[in-house]
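Novice: Coordinates for the following, if possible.
(one chain, ligands or ions: 1)
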Amino acid sequence: MFYECARNDHGLPHNPLKQCVVPRPIGWVSTVDGRGRVNLAPFSFFNLVSESPPLVIYCPVGAHSEGGEKDSLRAVRDVGEFVVNVATWGLREALNVSSAPAGRDVDEFELAGLTKEPSQLVRPPRVKESPLHLECRLVQVISMPGSFGGVANCMVLGEVLGVHIRDDLLQDGLLKIDRLEPIARLGYQEYAVVRETFTMPRPTRVAV
Ligand SMILES: Cc1cc2nc3c(=O)[nH]c(=O)nc-3n(C[C@H](O)[C@H](O)[C@H](O)COP(=O)(O)O)c2cc1C
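Specialist: Numbering: from 1, shown residues only. You can find the predicted model right below:
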């Protein structure tokens with residue numbers, strides 16, 4: 001099949017696009033706003049986009065349930081810092097709870113029964129139960145084409161200042177991904193968990 005995005009003429013009950021780019025890693029983003037209100041929310045429009053300097057993006061699209069920008073965007077504009085907590089199989093239910101359309105004063109750490117752990121270089125707390133955290137400083141909020149509920153879709157670009165890795169995830173100098181068990185989004189209500197990995201050395205230089 002072929003469909004044209006501008007016409008959305010796929011003829012399916014759901015737009016398949018979000019199932020076409022999979023699996024999408026999930027950045028579980030904690031922020032704190034200028035009034036000290038802590039927020040936690042998952043973003044699957046998320047990725048590491050550069051290594052040196054290390055840069056990540058997450059994209060708040062659409063509006064907060066009470067109108068205006070989502071908390072994870074408003075707070076990062078206020079304070080200029082955020083933490084990416086890695087979403088794992090063991091934390092999947094808490095992650096889901098933290099995505100609820102909650103009021104601005106709701107602390108999703110409390111809602112999801114999670115523990116705040118102070119960060120070393122930035123103000124937003126980390127999710128203690130998560131085994132891996134990226135402490136980040138805002139580089140730029142980029143407005144993207146499109147809006148929803150009167151709010152422009154945005155891309156938050158941040159520099160990773162520090163990385164916490166739980167020691168038992170490391171073996172022979174590498175992270176054991178099968179121990180981390182990260183979850184990823186497959187579109188709509190489907191997820192994947194990474195437990196199986198394989199190794200494939202890059203080809204050596206090809207002579208022409
Ligand atoms: C797995 C998952 C991934 C999500 N990814 C995104 C995303 O990339 N962008 C977005 O705007 N909302 C995303 N959401 C919805 C937000 O988590 C939700 O709107 C949340 O309440 C964020 O709002 P807040 O920053 O005001 O707390 C996702 C939800 C789930 C469960």
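Novice: which one's the longest strand in the chain?
Specialist: Once the chain is assigned using DSSP state E, the strand that runs over the most residues is strand 132-148.
Novice: what's the angle between the next helix-or-strand element following it and strand 132-148?
Specialist: Following strand 132-148 in sequence order, the next helix or strand is strand 151-165 (DSSP states H and E). Our comparison of strand 151-165 with strand 132-148, counting by axes from the mean of the first three to the mean of the last three Cα atoms, to 10 degrees, yields an angle of 170 degrees.
Novice: which residue ranges form the helices in this protein?
Specialist: 17-20, 71-79, 92-98, 108-111, 177-180 (DSSP state H).
Novice: Now the longest strand of the chain: buried residues?
Specialist: 132-138, 141 (16 or more other Cβ atoms under 10 Å). Any C-beta I mention is one placed from the backbone N, CA and C, and that applies to glycine too.
Novice: Tell me which of the helices of the chain is the most buried.
Specialist: Comparing the helices of the chain by mean neighbour count (mean count of other Cβ atoms under 10 Å), helix 71-79 comes out on top with a mean of 22.
Novice: can you put the helices of the chain in JSON lines and add mean pLDDT and distance to the ligand?
Specialist: Converted to JSON lines, the helices of the chain look like this (pLDDT from 0 to 100; distance: least, Cβ to the nearest ligand atom, whole Å):
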{"stretch": "helix 17-20", "mean pLDDT": "95", "distance to the ligand": "10"}
{"stretch": "helix 71-79", "mean pLDDT": "98", "distance to the ligand": "3"}
{"stretch": "helix 92-98", "mean pLDDT": "98", "distance to the ligand": "6"}
{"stretch": "helix 108-111", "mean pLDDT": "97", "distance to the ligand": "7"}
{"stretch": "helix 177-180", "mean pLDDT": "96", "distance to the ligand": "17"}
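Novice: now for those, which one comes closest to R123?
Specialist: helix 71-79 (5.9 Å; Cβ to Cβ).
Novice: Give the bridge partners for the residue positioned nearest the centre of the chain, please.
Specialist: By Cα atoms, centre = their mean, the mean C-alpha position of the chain lies nearest to G27, the distance being 1.6 Å. When bridges are taken as DSSP bridges, the partners of G27 come out as F43, V86.
Novice: what's it in contact with, if anything?
Specialist: Going by Cβ atoms under 8 Å, 6 or more residues apart in numbering, G27 touches 42-44, 46-47, 56, 58, 84.
Novice: and N153, what does it touch?
Specialist: Shown in contact with N153 (Cβ under 8 Å, 6+ apart): 59-62, 143-147.
Novice: of all those residues, which two lie farthest apart?
Specialist: P60 and P145 (14.7 Å).
Novice: Near the ligand, which residues of the protein? Just list them.
Specialist: With the criterion set to Cβ under 6 Å from any ligand atom, the chain comes near the ligand through 26, 39, 41-45, 59-62, 64, 70-72, 96, 99, 101, 185.
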